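1. Pasted the sequence and its predicted model underneath.
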Amino acid sequence: MMNKTASFAIGKVTGVHGLNGTLKVASFAESVDTFQKDRTIVIKSNGEEGRTYLILHASPHKQGVLLNLEGIENREQAEDLVGKEIHIDRDQLPEPEKDTWYWQDLMGLDVVDHIKGYLGKITHIFPTGAHDVLVITDNDKETMVPMHKYFVESVDMDTRAVRTTLPEEY
């Protein structure tokens with residue numbers, strides 16, 4: 001069962017832009033729309049509770065997003081946030097379309113191949129342009145599986161399991 005109140009990391013502050021407190025953000029989201037005006041976010045480092053901000057403006061910039069937040073009005077305030085992650089409450093995001101999932105929902109799922117058996121848990125996911133790639137870890141063994149219907153048979157959020165069919169030489 002997915003935790004609807006969980007927070008998702010949707011980006012990371014990578015720098016500042018100009019003198020008015022604009023943040024440069026590396027976005028983990030597919031769309032700049034995730035950073036909607038009037039949406040509440042939390043900016044934090046690992047292990048800290050973080051601080052809540054209201055988004056005033058967001059716009060695409062190179063591979064990321066330029067972000068203006070309420071209360072961040074100058075370069076010095078913005079620089080204090082560099083290196084921190086931006087989180088959003090899950091309930092602020094739309095439900096993913098059929099046969100799509102938020103990466104965070106897939107993390108920790110068990111992966112079972114119908115020939116090879118238990119492969120491990122999903123510990124990391126990265127984009128390649130064509131398909132996202134699941135990194136599955138079991139002890140010190142790592143398996144990478146493209147998130148494509150040819151390899152991934154099913155994702156069952158209720159049982160927290162992914163079923164795969166990998167080629168024999170895999």
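-> Received the coordinates, thanks.
2. Only the C-alpha atoms, please, for stretch 50-65, written as PDB.
-> Below are the C-alpha coordinates for stretch 50-65, written out as PDB (Å, rounded to 0.1, in the frame of the first residue of the first chain):
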ATOM      1  CA  GLY A  50      13.400  21.400   6.600                       C
ATOM      2  CA  ARG A  51      11.500  24.600   6.000                       C
ATOM      3  CA  THR A  52       8.200  25.100   4.100                       C
ATOM      4  CA  TYR A  53       8.000  27.600   1.200                       C
ATOM      5  CA  LEU A  54       5.400  28.700  -1.200                       C
ATOM      6  CA  ILE A  55       6.300  28.700  -4.900                       C
ATOM      7  CA  LEU A  56       5.800  32.200  -6.500                       C
ATOM      8  CA  HIS A  57       7.100  31.400 -10.000                       C
ATOM      9  CA  ALA A  58       8.800  28.500 -11.800                       C
ATOM     10  CA  SER A  59      10.100  28.400 -15.400                       C
ATOM     11  CA  PRO A  60      12.100  25.900 -17.400                       C
ATOM     12  CA  HIS A  61      15.900  26.700 -17.600                       C
ATOM     13  CA  LYS A  62      18.400  24.600 -19.500                       C
ATOM     14  CA  GLN A  63      18.000  21.100 -18.000                       C
ATOM     15  CA  GLY A  64      16.200  22.300 -14.900                       C
ATOM     16  CA  VAL A  65      14.000  24.900 -13.400                       C
END
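3. roughly how far is that stretch from the heart of the chain?
-> 15 Å (CA atoms, centre = their mean, to the nearest Å).
4. How is this protein divided into domains?
-> Domain ranges of the chain: 7-91, 103-164, per automatic domain parsing.
5. any idea which of those is most buried?
-> domain 7-91 (a mean of 16; mean count of other CB atoms under 10 Å). All C-beta spots, glycine's among them, are computed from the backbone N, C-alpha and C.
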